[in-house]
Every structure is written in C-alpha cells, then in structure tokens.
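K.L.:
Give me a model of this one.
(2 chains)
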Protein chains: 2
Amino acid sequence: MTQQVMTEKMPVITNGVNVTALYETLEAVKATPLIADFRFRASNKWMGGDRNHTTITGFRGACAEQTHQMGPFEMDNAEPPVLLGGGEAPNPVEWVLHALAGCLTTTMVYHAAARGIEIGEVSSELEGDLDLRGFLGLSNKVRKGYHTVRVRMKVRSDADPETLKALAQYSPVYDIVSNSLPVEVTVETMSR
Amino acid sequence: MTQQVMTEKMPVITNGVNVTALYETLEAVKATPLIADFRFRASNKWMGGDRNHTTITGFRGACAEQTHQMGPFEMDNAEPPVLLGGGEAPNPVEWVLHALAGCLTTTMVYHAAARGIEIGEVSSELEGDLDLRGFLGLSNKVRKGYHTVRVRMKVRSDADPETLKALAQYSPVYDIVSNSLPVEVTVETMSR
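P.N.:
You can find the predicted model right below:
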C-alpha cells in the first residue's frame, strides 16, 4: 500500500518533461492570467568592429523577478572574414537559426508530453537564405534579412508527422520569425 | 615618397571596420550580384526535456562554401525552472534578443563606418514581452511569441540619434523579427 501511495504522488514525466507540473502551470495560469506575463531581457556591449557581447542575468515571469541561477549567461556575436570580421563567433543571423531550432524542438517535446506522445529523438537542419544586397543598401526591392528559412526535423515517434509539425508550430520563436512584430528602437547619443 | 605610397595603400579603418574592403565588397556585388547570395545553416539535436544543442560549422556565401575556421560553434538551449527546465542555458526567446542586439549594433557600426561616422561606444538594453497563454494554447487571441520588443541603444558619437537609428535599421535580424518571413517546416518521423 505504501508503495502505491508513493506511486500516485510521483510526477508523470514524459520526454523528460514534468507533465504534472505542466498541468499545474496550466491551471495556475487559467486561475491567474498575470502569471503568464513574461519579460525577457538582454544587455549588449560593442567590443569593436564586428564583435559584441551579450549578458543575460534574469527575466520577469510568474509574477516575480527570476534570476538565472546558473547564469549570468554570456555570449558573443562576430562576423566571418568574408563579412569583414574576425570570425570569432557566430553572426547574428546564425544565432536566429539556433533560437528557432531550439524553440521548435522544445515546443514539440513539451506539447507532445502534455498529450502523452512519446518522443525518442529529435534532430533538425536549418537553412536561411539571405541576399546581402538588402543589408548593403544596393536595392530597395531586396529585404535585409532572410527571405526564406527551411527547417527539416527528424523525429523518432509513433505520432504522425502532421501532428508533430502542428505541435512544433506553437513555438514562440517560430511566431517571432514567421510573423511581424513591433520592435521599438530608441537611440540616445553621448558626445565624443 | 616611399612612406606616402605606403600610406596610400593602407586600408581605411573606421570603428574597427575595414572600410576599404567594405567598398570593394560593394563594388564586387554590384558587378556580380551572385556574390550576395548567402545561405546560413545550423544543426540541432534534442538532449532530453528542455535541452537541445546546436552546431554551426559553416555557410555558403561569396560563391563558395565557407567553413568557420574558429568553429564549429556549439551552443545550448534550455529553460529556467519556472518554465519546467533545468536552467542550464538561455532559452530560445532570450537567444533572439542576443541576435537582435548584436545585429543592430554591428549594422550601425558598419554603416556608420561606410559614411565616415565615428563611433566610440555602443551599449543596448533589450526587453521582450511575452504572454505565455499563447504558447500554452489557452487563447487564440494571444500570439505565441513576443508581442512587443524594446531596444534602447546608447551610442558615443557626434552623429545625431535619428541618423544612427536609421543606420541600425539596415539590420537583417531587425528585419527578420519586425517583418513576416516564410518559415518552411517539414517533419519526418522514424518509428520507435
């Protein structure tokens, strides 16, 4: 009997996701929508030429300030020599592919877990096509960012591909990249 | 005379950017637009639960396959405990802020250099507001990604803020995040 009681209290873990906690989160958000308001943050500093450095220390969410206990996280941007940089780090459009790959994967895995769909492996290959003439200001007809992004995901699962794709498309970064979003840029200068 | 000849051959460097090479790139792209076709790539692998790992080894650009000489670059995604993860790395929407900050900064610096505008320092603070009800599927009216992103840039320069803001807005990642973009997702399954 003792063992059975303990089993009932054990959280359900599917795909490495605590599904019990996931459903508790869903119920908490339904009861108190303010819990769902998140504000993520990053600070960046130019290091000269093609290099700059980001620090991420925490965010606001679940009605509280949250500090990354394993942070602060530090990361760099750079440009390869063919784009006039020193090649010391990925460039910003490559970082976008990293964010997109990760978000589609995590989203598929979490949403599958919530539905009891087991996943064994996920791998993905991403490509982003960019015509540099937009960035260079050589044509108003060419956009500055990617004009197309392709994501090929391979998933070990008994679920059908269309279901898994629909789950992945709950991804926040997929939404950010696919759809338009207001980005408010303000610039303040200090004299030299 | 020898010294003067050498001076004439020295590249112009502004803001740490080789402006001579930048103008050579512009001329080369004008002559051969194919040089401007870039294809960036990333591979990602799920590591269980909230964790996944990206590898970036190279890209196509300037009519050739380019390998990151200081790569392959490796980076992780994770989720904080409040989002049911182990908190071992930034999450994908935080990586988007890193990419955006870096791209606005590099773009401002490069375009300023091309115009002879000297920049002494750049720092930026980014915030992205996200209502988790979209990701959780609790409301069709709430988008899944950020609904607003704010970027505050501080720049040491004698140029006026509006000029610098316009230069930063040549940023590819600013375009990717601000505007809609076709993201083609395909999912292939292997049975368990």
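
K.L.:
how about the strands in chain A?
P.N.:
In chain A, strands defined by DSSP state E lie at A:13-14, A:17-18, A:37-48, A:51-56, A:58-61, A:64-67, A:73-77, A:119-131, A:146-157, A:183-190, listed in chain order.

K.L.:
then stretch A:47-64 to PDB, C-alphas only?
P.N.:
Extracted in PDB, the C-alpha atoms of stretch A:47-64 (Å, rounded to 0.1, in the frame of the first residue of the first chain):
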ATOM      1  CA  MET A  47      33.600  45.300 -28.400                       C
ATOM      2  CA  GLY A  48      34.900  47.000 -31.600                       C
ATOM      3  CA  GLY A  49      34.400  46.200 -35.300                       C
ATOM      4  CA  ASP A  50      32.300  43.100 -35.800                       C
ATOM      5  CA  ARG A  51      32.300  42.000 -32.200                       C
ATOM      6  CA  ASN A  52      29.800  42.500 -29.400                       C
ATOM      7  CA  HIS A  53      28.900  40.700 -26.200                       C
ATOM      8  CA  THR A  54      25.600  39.900 -24.600                       C
ATOM      9  CA  THR A  55      24.800  39.300 -20.900                       C
ATOM     10  CA  ILE A  56      21.600  37.700 -19.700                       C
ATOM     11  CA  THR A  57      21.000  37.600 -16.000                       C
ATOM     12  CA  GLY A  58      17.300  37.100 -15.500                       C
ATOM     13  CA  PHE A  59      13.800  37.900 -16.500                       C
ATOM     14  CA  ARG A  60      10.400  38.600 -15.100                       C
ATOM     15  CA  GLY A  61       7.800  35.900 -15.100                       C
ATOM     16  CA  ALA A  62       5.300  34.100 -12.800                       C
ATOM     17  CA  CYS A  63       4.700  37.400 -11.000                       C
ATOM     18  CA  ALA A  64       8.300  37.600  -9.800                       C
END
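
K.L.:
buried sites along that stretch?
P.N.:
Buried residues in stretch A:47-64, defined by neighbour count with 16 or more other C-beta atoms under 10 Å in any protein chain shown: A:47, A:49-54, A:56, A:58-59, A:61-62. (Each C-beta comes from the backbone N, C-alpha and C, glycine too.)

K.L.:
Surely A:Thr54 and B:Gly102 touch.
P.N.:
Yes - A:Thr54 lies in contact with B:Gly102 (C-beta atoms under 8 Å); the separation is 6.8 Å.

K.L.:
Give me the common contacts of the two.
P.N.:
A:44, A:77 (C-beta atoms under 8 Å, 6 or more residues apart in numbering or on different chains).

K.L.:
coming back round to it: just checking: which of the buried residues of stretch A:47-64 also lie near chain B?
P.N.:
With C-beta under 8 Å from any C-beta of the partner chain as the criterion, the buried residues of stretch A:47-64 include A:49-50, A:52, A:54, A:56, A:59, A:61-62 near chain B.

K.L.:
How about the contacts made by A:Asn179?
P.N.:
B:143, B:145, B:180.

K.L.:
if you set the cut-off to 7 Å instead, what comes out?
P.N.:
B:Ser180 (C-beta atoms under 7 Å, 6 or more residues apart in numbering or on different chains).

K.L.:
how about the helix ranked longest in chain A, does it get close to chain B?
P.N.:
As assigned by DSSP state H, the longest helix anywhere in chain A is helix A:92-114. Yes - counting by C-beta under 7 Å from any C-beta of the partner chain, chain B is contacted by helix A:92-114 at A:92-99, A:101-106, A:109.

K.L.:
Could you figure out how far that helix is turned away from strand B:37-46?
P.N.:
Relative orientation of helix A:92-114 and strand B:37-46, computed by axes from the mean of the first three to the mean of the last three C-alpha atoms, to 10 degrees: 30 degrees.

K.L.:
Quick check: mean pLDDT of helix A:92-114?
P.N.:
Averaging pLDDT along helix A:92-114 yields 98.

K.L.:
roughly how far is that helix from the heart of the chain?
P.N.:
5 Å (C-alpha atoms, centre = their mean, to the nearest Å).

K.L.:
Could you list the alpha-carbon positions for that helix in CSV?
P.N.:
Provided in CSV are the C-alpha atoms of helix A:92-114 (Å, rounded to 0.1, in the frame of the first residue of the first chain):
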residue,chain,number,x,y,z
PRO,A,92,23.5,37.3,-35.6
VAL,A,93,21.6,35.6,-38.4
GLU,A,94,23.2,32.3,-37.4
TRP,A,95,22.1,32.9,-33.8
VAL,A,96,18.5,33.3,-35.1
LEU,A,97,18.7,29.7,-36.6
HIS,A,98,19.9,28.4,-33.2
ALA,A,99,17.0,30.1,-31.4
LEU,A,100,14.5,28.8,-34.0
ALA,A,101,15.8,25.2,-33.9
GLY,A,102,15.7,25.1,-30.2
CYS,A,103,12.3,26.6,-29.8
LEU,A,104,10.6,24.3,-32.4
THR,A,105,12.2,21.3,-30.7
THR,A,106,11.4,22.3,-27.1
THR,A,107,7.8,23.2,-28.1
MET,A,108,7.2,19.9,-29.9
VAL,A,109,8.6,18.0,-27.0
TYR,A,110,6.6,19.8,-24.3
HIS,A,111,3.3,19.8,-26.3
ALA,A,112,3.8,16.1,-27.1
ALA,A,113,4.4,15.3,-23.5
ALA,A,114,1.2,17.1,-22.5
